[in-house]
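A.B. asks: take this sequence and fold it.
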Amino acid sequence: MSTKSEHYDVIRKPIITEKATLASEANGVVFEVAIDANKPQIKEAVEALFGVKVKAVNTTITKGKQKRFRGMLGRRKDVKKAYVTLEEGNTIDVSTGL
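C.D. replies: Numbering: from 1, shown residues only. Okay, the predicted model is just below:
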């Protein structure tokens, strides 16, 4: 069994966007997760930290864009998002602090 600090290493922060709000109506929550986290790790972390039952986990990796900063080319980091679907009757309120 993993420790609580390892769960916080897997789940970085909740993502609150228009699309994430639409997912919450269908019993889903969106988190930014560690780029090397896999679906079983994400499921275990969400269940341990929030005390809910997870039905499914879908992930997506968004590649970082190239941006200019003071004339120099830079690159934003790649971001992995986890779309977590919860079992019926379980909810997570991401608008309040942890």
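
A.B. asks: all contacts plus neighbour counts: C-alpha atoms, from now on.
C.D. replies: Fine.

A.B. asks: so which bits of stretch 72-83 are buried?
C.D. replies: 80-83 (16 or more other Cα atoms under 10 Å).

A.B. asks: just the ones in strands from these, please.
C.D. replies: 80-83 (DSSP state E).

A.B. asks: from those, which single one is nearest Val30?
C.D. replies: Tyr83 (4.7 Å; Cα to Cα).

A.B. asks: tell me which two of the ones in strands among the buried residues of stretch 72-83 sit farthest apart.
C.D. replies: Spatial extent of these (Cα to Cα) is set by the pair Lys80 and Tyr83 at 10.1 Å.

A.B. asks: mutual contacts of these two, please.
C.D. replies: Common neighbours of Lys80 and Tyr83 (criterion: Cα atoms under 8 Å, 6 or more residues apart in numbering): Thr59.

A.B. asks: before we move on, back to that, nearest to Gly89 among the ones in strands among the buried residues of stretch 72-83?
C.D. replies: Tyr83 (17.5 Å).

A.B. asks: tell me which residues touch the closest one, please.
C.D. replies: The contact partners of Tyr83, by Cα under 8 Å, 6+ apart, come to 28-31, 57-59.

A.B. asks: quick one: the helices in this structure?
C.D. replies: 4-10, 18-25, 39-50 (DSSP state H).

A.B. asks: mean neighbour count, those: which tops it?
C.D. replies: Of all these, helix 39-50 carries the top mean neighbour count, a mean of 17, counting by mean count of other Cα atoms under 10 Å.
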